[in-house]
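Peer 1: next comes the sequence, and after it the predicted model I'd like to discuss.
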Amino acid sequence: MGKKKKKESQKSEGPAIRTPIVCVLGHVDHGKTSLLDWIRGSSVTAGEAGAITQHIGATVVPLDAIQKMSGAFEKLKVNVPGLLFIDTPGHHAFTTLRARGGALADMAILVVDINEGFQPQTIEALEILRTYRTPFVVAATKVDRIHGWRVNKNAPFRKTFETQGDRVKMDLENKTYELIGTLSEKGFNCERFDRVSDFAKNIAIVPVSGVTGEGVPDLLLMLVGLAQRYMTEALEVSVDGPGTGTVLEVKEERGLGMTLDVILYDGTLSVGDEVAVATTDGVVNTKIRSLLKPRPMSEILVEEKFERVKSVTAASGIKVSAPRLENVVAGSPLRAIPASEDIDAINEEVRREVEEIHVDLSDEGIFIKADTIGALEALAKELQGHGIKILKAEVGPVSRHDLIEVETIKEPLNAVLLAFNTPLLPDAIEILKQPTCKVSVFVGDVIYQLIDEYTEWVEEQKRKIEAARFERIILPAKVTILEGCVFRQSNPAVVGVRVLGGKLRSGVRLMRRDSKAVGTVKTIQVAQENVPEADAGAEVAVAIEGATVGRQINEKDDLYAYIPENHVKVLETQMISTLNPGMREVLEEYTTIRRKDNPFWGK
Ligand SMILES: Nc1nc2c(ncn2[C@@H]2O[C@H](COP(=O)(O)OP(=O)(O)OP(=O)(O)O)[C@@H](O)[C@H]2O)c(=O)[nH]1
């Protein structure tokens with residue numbers, strides 16, 4: 001924007017300020033849609049003076065309407081023309097809609113149900129706002145659900161608060177403090193909006209209801225104030241500069257063919273303009289055939305859904321009809337190309353904006369995919385916050401090729417693909433069905449759930465790996481050969497033993513008190529049935545390969561399971577808490593014997 005001429009505002013001194021773009025974020029069901037609907041609906045009823053204008057994919061609430069609703073700031077010098085609300089709430093819309101590599105929305109409303117407080121998606125939204133450094137106001141919704149609340153439809157907060165009983169007031173205070181507490185833990189200083197003295201230091205919390213409209217005028221006022229005080233520079237606009245926008249949606253319209261719903265955030269876009277926009281096959285240049293706006297409500301009987309306009313100025317939502325829009329990607333920039341500018345340079349700029357993914361990759365880690373760059377970056381950011389490393393990050397659906405690539409990852413806990421808001425192609429599903437497939441894929445459309453699922457899986461895998469490793473460790477065991485229970489002298493020797501402590505397993509070697517190994521337990525039998533193991537107290541018959549009674553072993557001899565040095569290390573350092581007291585005792589006896597000559601044995 002630097003070089004462009006700034007148009008002087010007609011209303012007040014200083015450069016023209018474009019309408020700030022606002023997005024609504026928050027946890028599911030906390031009231032994002034209701035709040036947006038109320039803002040749209042109530043400003044319609046706010047009167048002829050400044051009725052809202054319906055845009056494509058957005059709604060503009062002009063300053064007049066906000067003023068009328070709140071009855072405030074007549075004294076204030078405000079040159080923000082109004083607020084443009086993106087009609088689709090949620091942080092997916094927020095991250096998808098980008099402008100120059102950042103967020104398209106200039107400001108946000110973080111919605112949180114005052115009765116439920118912060119939930120995982122509220123925190124996720126907060127992290128996204130932090131990442132993009134987006135100024136925001138907290139709307140603490142559903143105040144009318146506070147027990148005993150007296151409804152004052154559409155009233156500013158102060159007015160309705162005064163009419164509430166003491167208990168309700170107290171309840172609201174407590175709930176607001178809880179929000180302030182949580183936000184402070186996350187590093188944000190907040191305060192109820194009417195107590196904020198310095199908006200540069202505190203984020204305003206506005207108690208509202210999306211059903212009764214209480215507090216909504218204050219919320220709008222806070223947004224205007226935020227834009228006016230801290231964003232005016234970013235909002236300065238050259239209305240006669242080339243139009244720059246972001247593609248919200250790619251839609252087929254009857255009689256028009258493929259069209260783009262675009263939020264224009266800078267300059268002017270006119271019919272006949274040459275534009276650059278990104279498709280799945282690279283950047284395309286095309287000429288605008290028509291620009292369309294929704295028809296005003298009053299003209300609902302006119303057959304055509306849209307009104308044609310010659311040009312539009314930022315910020316606004318507009319439908320663009322032009323040839324060759326089939327493969328345009330949602331979230332792509334749309335740039336008008338003035339005759340004086342280098343078309344290749346602009347194309348390159350658009351290409352770079354679409355392809356430049358700001359994700360820190362590691363030499364090892366997992367593979368992530370998402371439907372848009374913004375979504376991918378948001379996921380990556382959250383993963384990094386959890387200390388999860390990323391090997392590769394890409395936009396698009398999950399293909400067979402992706403899975404084959406993941407299969408080459410050697411570390412089993414990294415042979416993973418997280419697919420956020422993006423589908424698996426049929427050939428990828430085929431690969432996953434194969435029993436030999438070693439890849440784990442997690443699919444989801446809520447970041448925290450996706451990460452939770454993955455981390456739970458990792459924990460489970462670690463437990464399994466650990467358990468399998470422990471399974472191979474030879475456990476302590478001590479037996480005594482019972483008197484009169486020699487059933488066979490040798491090849492193998494078969495004797496009756498009592499397990500004095502620990503757990504005797506077949507396959508282990510046995511050792512005498514003098515450290516001499518004396519053969520291997522081939523089988524363990526109870527009542528002539530083979531058993532894999534015998535616990536302390538059991539009396540069993542064992543076949544010992546490699547020992548002869550009367551030579552290496554004798555009646556009343558005590559024998560120990562022979563545990564190699566590296567197994568002792570694992571037992572003493574990692575498995576000790578899993579051993580019962582009897583086992584620990586036997587292990588101690590065993591190591592005392594082995595450490596007689598070398599105190600550092602097994603350490
Ligand atoms: N009493 C009361 N109910 C509300 C308020 N805001 C929303 N609700 C109700 O809460 C439910 C969810 O509201 P929505 O506006 O759909 O919430 P949302 O955040 O848009 O939900 P998703 O789009 O599913 O994420 C609906 O039944 C609303 O009627 C409010 O301020 N007061």
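Peer 2: Yep, that arrived. Numbering: from 1, shown residues only.
Peer 1: taking the stretch 301-450 of the chain, what residue is nearest to the ligand?
Peer 2: Using Cβ to the nearest ligand atom, the single residue of the stretch 301-450 of the chain nearest to the ligand is Val446, 10.3 Å away. Every residue, glycine included, has its C-beta placed from N, CA and C.
Peer 1: would you mind listing what in the chain touches the ligand?
Peer 2: Counting by Cβ under 6 Å from any ligand atom, the residues of the chain lying close to the ligand are 26, 28-34, 89, 141-142, 144-145, 209-211.
Peer 1: filter these down to the buried ones.
Peer 2: Using 16 or more other Cβ atoms under 10 Å as the burial test, those include 26, 30-34, 89, 141-142, 144, 209-211 as buried.
Peer 1: if we can go back for a sec, can you pull the contacts of the residue of the stretch 301-450 of the chain closest to the ligand?
Peer 2: Pro120, Gln121, Glu124 (Cβ atoms under 8 Å, 6 or more residues apart in numbering).
Peer 1: can you rerun that using 10 Å?
Peer 2: His27, Val28, His91, His92, Pro120, Gln121, Glu124, Phe420, Asn421, Asp452 (Cβ atoms under 10 Å, 6 or more residues apart in numbering).
Peer 1: so which helix or strand takes in the residue nearest to the fifth one when sequence neighbours are not counted?
Peer 2: Taking Cβ to Cβ, 6 or more residues apart in numbering as the measure, Pro120 lies nearest to Tyr448, with 4.3 Å between them; neighbours along the chain are not counted. Element membership for Tyr448, per DSSP states H and E: helix 447-472.
Peer 1: partner strands of the following helix or strand past that helix, with direction?
Peer 2: Moving toward the C-terminus from helix 447-472, the next helix or strand (DSSP H and E) is strand 477-488. Strand 477-488 pairs in its sheet with strand 493-505 (antiparallel), strand 558-561 (antiparallel), by DSSP bridges.
Peer 1: export strand 477-488 as PDB, just CAs?
Peer 2: The C-alpha coordinates for strand 477-488 follow below in PDB (Å, rounded to 0.1, in the frame of the first residue of the first chain):
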ATOM      1  CA  ALA A 477      13.100 -66.500  41.100                       C
ATOM      2  CA  LYS A 478      14.400 -68.700  43.900                       C
ATOM      3  CA  VAL A 479      13.600 -72.400  44.300                       C
ATOM      4  CA  THR A 480      14.600 -75.200  46.600                       C
ATOM      5  CA  ILE A 481      14.900 -78.800  45.600                       C
ATOM      6  CA  LEU A 482      12.500 -80.800  47.800                       C
ATOM      7  CA  GLU A 483      13.800 -83.800  49.700                       C
ATOM      8  CA  GLY A 484      12.700 -87.200  48.300                       C
ATOM      9  CA  CYS A 485      11.500 -85.600  45.100                       C
ATOM     10  CA  VAL A 486      14.100 -86.600  42.600                       C
ATOM     11  CA  PHE A 487      12.200 -88.300  39.800                       C
ATOM     12  CA  ARG A 488      15.000 -88.600  37.300                       C
END
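Peer 1: excluding its backbone neighbours, what's nearest whatever residue of the stretch 51-200 of the chain ends up closest to the ligand?
Peer 2: Closest to the ligand within the stretch 51-200 of the chain is Lys142: 3.9 Å, counting by Cβ to the nearest ligand atom. Leaving aside its sequence neighbours, Lys142 sits nearest to Asp113 (Cβ to Cβ, 6+ apart; 5.1 Å).
Peer 1: make sure that neighbour is actually in contact with Thr141.
Peer 2: Yes - contact criterion Cβ atoms under 10 Å: Asp113 and Thr141 qualify, at 5.5 Å.
Peer 1: quickly list what's touching both of the two.
Peer 2: Shared contacts of Asp113 and Thr141 (Cβ under 10 Å, 6+ apart): Gly26, His30, Gly31.
Peer 1: give the rounded mean pLDDT of stretch 243-262.
Peer 2: Per-residue pLDDT values over stretch 243-262 give a mean of 91.
Peer 1: before we move on, what about stretch 274-294?
Peer 2: 92.
Peer 1: can I get that stretch in CSV? Just the C-alpha atoms.
Peer 2: What follows is stretch 274-294, C-alpha atoms only, in CSV (Å, rounded to 0.1, in the frame of the first residue of the first chain):
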residue,chain,number,x,y,z
GLU,A,274,-7.5,-8.2,-15.3
VAL,A,275,-6.9,-10.3,-12.2
ALA,A,276,-4.6,-13.0,-10.9
VAL,A,277,-6.0,-15.8,-8.8
ALA,A,278,-4.5,-19.2,-7.7
THR,A,279,-5.9,-22.5,-9.0
THR,A,280,-4.9,-26.1,-8.2
ASP,A,281,-2.8,-25.9,-11.4
GLY,A,282,-1.1,-22.6,-10.7
VAL,A,283,-2.0,-19.0,-11.1
VAL,A,284,-4.6,-18.0,-13.7
ASN,A,285,-5.2,-14.6,-15.3
THR,A,286,-8.7,-13.7,-16.2
LYS,A,287,-10.9,-10.7,-16.9
ILE,A,288,-13.8,-9.8,-14.6
ARG,A,289,-17.0,-10.3,-16.5
SER,A,290,-19.4,-9.1,-13.8
LEU,A,291,-19.4,-8.1,-10.2
LEU,A,292,-22.5,-9.0,-8.2
LYS,A,293,-24.0,-8.0,-4.9
PRO,A,294,-27.0,-9.5,-3.1
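Peer 1: roughly how far is that stretch from the heart of the chain?
Peer 2: 32 Å (Cα atoms, centre = their mean, to the nearest Å).
Peer 1: mind listing what Asn580 touches?
Peer 2: Neighbours of Asn580 in contact, by Cβ under 10 Å, 6+ apart: Pro476, Gly501, Gly502, Lys503, Asp535, Ala536.
Peer 1: surely the second one touches Ala536?
Peer 2: Yes - proximity of Gly501 to Ala536 meets the contact threshold set by Cβ under 10 Å, at 5.1 Å.
Peer 1: give me the more crowded residue out of these two.
Peer 2: More crowded of Gly501 and Ala536, by other Cβ atoms under 10 Å: Gly501, with 22 against 19.
Peer 1: okay, and the beta partners of that one?
Peer 2: Beta-bridge partners, per DSSP bridges, of Gly501: Lys478.
Peer 1: quick one: it from Glu274, how far?
Peer 2: For Gly501, the distance to Glu274 (Cβ to Cβ, to the nearest Å) stands at 87 Å.
Peer 1: about what we covered before: the residues of the chain next to the ligand in strands, which ones?
Peer 2: Among the residues of the chain next to the ligand, the ones falling in strands (DSSP state E) are Gly26, Thr141.
Peer 1: low pLDDT regions in the stretch 351-500 of the chain?
Peer 2: Applying pLDDT under 70 to the stretch 351-500 of the chain flags no residue at all.
Peer 1: quick check: mean pLDDT of the helix or strand harbouring Val137?
Peer 2: Applying DSSP H and E as the criterion places Val137 in strand 136-141. In this model, strand 136-141 carries a mean pLDDT of 96.
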